[in-house]
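Student: I would like to see how this sequence folds:
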Amino acid sequence: MHSAAVATIDPYVHFCHTRAVQVWTKLAIGFTATAIVIVSVYGAYQLVEEQRDLRVAAERDLRLTGAALQIAAGNALRDRQPADVRIVVDTVKLRDPSLDVLVFDAAGGLIAGSWGSGAAEDLVRRSIHEAQSTTSAVVSFEGPRGLSYVIGAFPIRDRDDVNIGALALVRPLDELRRDLTSETRSTIFSLVTLIIGLVVAGWFLASVYVRGPVLDLVRTMRAVRAGDLSAKARFRRKDELGAAVAEFNAMMTELADARGRLIAEGEAREALEANLQHADKLIALGQLSAGLAHEIGSPLQVLNGRANAIAGRTDIPADVRRSAQILANQSDRITHIVEQLMTFSRQSVPAIGDTLLGDPVHDIVELLQPEARRHRIHLEFECDPSLPSAHVDVGQVQQIVMNLLSNAIRATPQDGHIRVKLAAGSLSRRGRAEPSVVLTVEDTGEGIPDALVSRIFEPFFTTRSHAGGTGLGLAVVKAIVDAHGGTIAVATRAGHGTTFTVHFPSAAPNVAGGWVA
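Tutor: Alright, predicted model coming up:
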């Protein structure tokens with residue numbers, strides 16, 4: 001039942017979303033409808049007022065005319081001169097052909113005038129009867145909507161206030177209707193123009209102040225949904241939408257910061273796991289090294305001593321002395337491997353102090369210079385004259401230079417070039433940049449294949465096992481650098497050489513003599 005209801009609702013929701021009218025369109029339509037209603041009501045009111053004003057003007061004009069004729073006709077009737085009445089009526093008719101003037105005696109008989117206006121006789125007589133009964137003028141508008149004609153009835157009395165007749169004026173309202181029609185058209189045109197202007201203005205304002213910001217916010221949301229938490233809405237304005245956009249941007253900034261913290265925590269967790277795995281390896285290696293040193297240390301010394309003694313005798317055959325020398329050399333190699341294992345596994349705390357590295361590094365370069373010349377390799381050393389002091393254990397730094405430089409000599413072909421350089425730099429630690437001393441060892445050797453770069457610092461990993469490599473040299477270098485709180489990076493390109501860059505922490509710049517060798 002529940003799944004069926006959901007299945008029924010989902011298409012409807014999808015339809016509503018796909019068919020939804022945009023907010024700015026709704027606002028524009030609402031504004032337009034409101035404007036139409038208000039303007040239409042106002043226009044209708046204006047037309048009603050205009051019609052009332054025209055009727056008032058027509059009534060006023062009729063009353064003024066009627067009052068003048070009432071006096072003239074009254075004088076003629078009091079003097080019993082009906083011919084004068086006809087003259088007055090004819091004169092008025094001549095001047096205003098559209099106005100019908102009718103004069104009646106006290107009995108209601110028509111003395112002057114005619115029914116040429118087409119007005120209903122009973123309406124005129126009713127108006128006269130009403131005027132005579134109230135002793136005051138009566139004006140009425142007749143026909144559909146009272147716009148066919150206007151009838152005015154004026155009682156005529158003698159000096160003793162006795163009814164002696166009545167005056168009726170009938171004016172067709174054709175001109176008034178024409179004025180109303182013209183005014184209606186003008187009003188409708190003005191209202192339509194006003195409505196169109198309001199609609200265009202409302203549409204434009206809704207587009208600028210609503211649609212633009214909303215679309216900007218939607219574009220930003222789509223960018224965020226695609227994974228770009230740094231996206232920010234560009235809309236800036238001091239109103240409700242501006243406040244909403246500002247809050248959204250602030251929320252995205254907090255989300256980006258939170259994601260950065262999560263990424264940093266994830267990386268820290270991965271680094272911790274890698275360190276734990278590395279620690280497990282070191283524990284196993286330490287146990288192995290301690291056992292080797294204990295178990296084979298003494299036998300190796302005995303073996304090496306006896307082999308050297310035999311090799312130094314002159315009373316035995318040459319091939320025996322040569323075999324003894326080989327045994328001595330190989331026992332020395334085994335002793336060296338054990339010493340490297342002990343060095344790597346002990347992880348002794350370095351004796352760190354503020355030291356200028358120019359002389360110690362130069363000493364190692366001078367020590368390996370003969371070997372480099374033997375391989376016809378140009379070995380160069382450069383030291384920045386303004387090199388700052390480094391917080392290091394000098395002996396361990398020399399061990400790093402020895403290992404990196406020995407590897408570079410073995411990897412560089414004849415007529416190659418090796419450059420050792422010391423310079424000032426910066427090291428990123430705990431989220432901020434700190435001064436550092438940079439050691440660079442650059443060679444023009446065969447390089448390291450890309451697939452092997454990530455493994456070169458692993459213990460016992462070597463590509464020169466055939467040449468006696470143990471895979472501990474770079475592992476020892478990495479361990480020493482980590483113990484100093486520094487960093488080591490490698491940049492290599494197969495067939496074009498390798499560059500090792502080591503950063504050691506430094507606090508203050510101190511001037512040292514520059515070296516070029």
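Student: any weak-confidence spans in the stretch 101-250 of the chain?
Tutor: 114-120, 229, 235-237, 241 (pLDDT under 70).
Student: Strands along the protein, start to end?
Tutor: Taking DSSP state E to define them, one finds strands in the chain at 100-105, 110-112, 138-142, 149-157, 163-172, 353-355, 378-383, 390-392, 417-429, 432-443, 487-493, 497-505.
Student: got a markdown table for those strands, with mean neighbour count and distance to Arg185 too?
Tutor: In short, each C-beta sits where N, CA and C put it, glycine included. Below are those laid out as a markdown table (neighbours: other C-beta atoms under 10 Å; distance: least, C-beta to C-beta, whole Å):
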| stretch | mean neighbour count | distance to Arg185 |
| --- | --- | --- |
| strand 100-105 | 23 | 29 |
| strand 110-112 | 17 | 40 |
| strand 138-142 | 18 | 22 |
| strand 149-157 | 24 | 23 |
| strand 163-172 | 24 | 21 |
| strand 353-355 | 14 | 99 |
| strand 378-383 | 18 | 96 |
| strand 390-392 | 25 | 95 |
| strand 417-429 | 17 | 80 |
| strand 432-443 | 20 | 79 |
| strand 487-493 | 15 | 86 |
| strand 497-505 | 21 | 88 |
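Student: can you put the ones you listed in a markdown table and add distance to Lys478?
Tutor: Listed next are the strands of the chain as a markdown table, based on distance: least, C-beta to C-beta, whole Å:
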| stretch | distance to Lys478 |
| --- | --- |
| strand 100-105 | 123 |
| strand 110-112 | 133 |
| strand 138-142 | 111 |
| strand 149-157 | 114 |
| strand 163-172 | 115 |
| strand 353-355 | 21 |
| strand 378-383 | 23 |
| strand 390-392 | 15 |
| strand 417-429 | 16 |
| strand 432-443 | 14 |
| strand 487-493 | 6 |
| strand 497-505 | 10 |
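Student: Ok, which of these comes nearest Thr181?
Tutor: Nearest to Thr181, of all these, is strand 163-172, at 14.9 Å by C-beta to C-beta.
Student: Break down this protein into its helices, ranges please.
Tutor: 2-19, 23-78, 82-95, 121-134, 174-206, 212-225, 240-311, 318-346, 358-374, 394-411, 473-483 (DSSP state H).
Student: neighbouring contacts of the fourth one?
Tutor: Translated: helix 121-134. 102, 104, 108, 115, 137-138, 140, 142, 151-155, 163, 166, 168, 170 (C-beta atoms under 8 Å, 6 or more residues apart in numbering).
Student: mind giving me the domain ranges of this structure?
Tutor: Under the assignment automatic domain parsing, the domains of the chain span 1-228, 230-347, 350-505.
Student: how near is the closest residue to Gln70 other than its chain neighbours to Leu173?
Tutor: Closest residue to Gln70 apart from its sequence neighbours, by C-beta to C-beta, 6 or more residues apart in numbering: Phe154 at 4.4 Å. Counting by C-beta to C-beta, to the nearest Å, the separation of Phe154 from Leu173 is 19 Å.
Student: Repeat that for Asp100.
Tutor: From Asp100 over to Leu173 (counting by C-beta to C-beta), the distance is 13 Å.
Student: wait, isn't the residue nearest to Gln70 in contact with Ile71?
Tutor: No - counting by C-beta atoms under 8 Å, Phe154 stays clear of Ile71, with 9.7 Å between them.
Student: what's around the closest residue to Asn407 other than its chain neighbours, how many residues?
Tutor: Distances taken as C-beta to C-beta, 6+ apart put Gly473 closest to Asn407, at 6.4 Å, once the chain neighbours are dropped. Neighbour count for Gly473, taken as other C-beta atoms under 10 Å: 22.
Student: Gly473 contacts Asn403, doesn't it?
Tutor: Yes - proximity of Gly473 to Asn403 meets the contact threshold set by C-beta under 8 Å, at 4.4 Å.
Student: Report the contact partners of the residue nearest to Ile480 when sequence neighbours are not counted.
Tutor: Closest residue in space to Ile480, ignoring its immediate chain neighbours: Gln396 at 4.7 Å, by C-beta to C-beta, 6+ apart. Neighbouring residues of Gln396 by C-beta under 8 Å, 6+ apart: Pro350, Ile480, Ala483, His484.
Student: Count the neighbours of the third one for me.
Tutor: Looking back up the chat, that one is Ala483. Neighbour tally, Ala483, other C-beta under 10 Å: 15.
Student: I'd assumed Pro350 was in contact with it.
Tutor: Yes - using C-beta under 8 Å, Ala483 is in contact with Pro350, at 5.4 Å.
Student: give me the number of residues near the closest residue to Ala76 other than its chain neighbours?
Tutor: Leaving out its chain neighbours, the residue that sits closest to Ala76 by C-beta to C-beta, 6+ apart is Asp84, at 3.9 Å. Using other C-beta under 10 Å, Asp84 has 16 neighbouring residues.
Student: Correct me if wrong: Asp84 contacts Gly74.
Tutor: No - using C-beta under 8 Å, Asp84 is not in contact with Gly74, being 11.0 Å away.
Student: can you put the contacts of Gln396 in JSON lines and add distance to Phe504?
Tutor: Formatted as JSON lines, the contacts of Gln396 follow (distance: C-beta to C-beta, whole Å):
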{"residue": "Pro350", "distance to Phe504": "11"}
{"residue": "Ile480", "distance to Phe504": "10"}
{"residue": "Ala483", "distance to Phe504": "11"}
{"residue": "His484", "distance to Phe504": "6"}
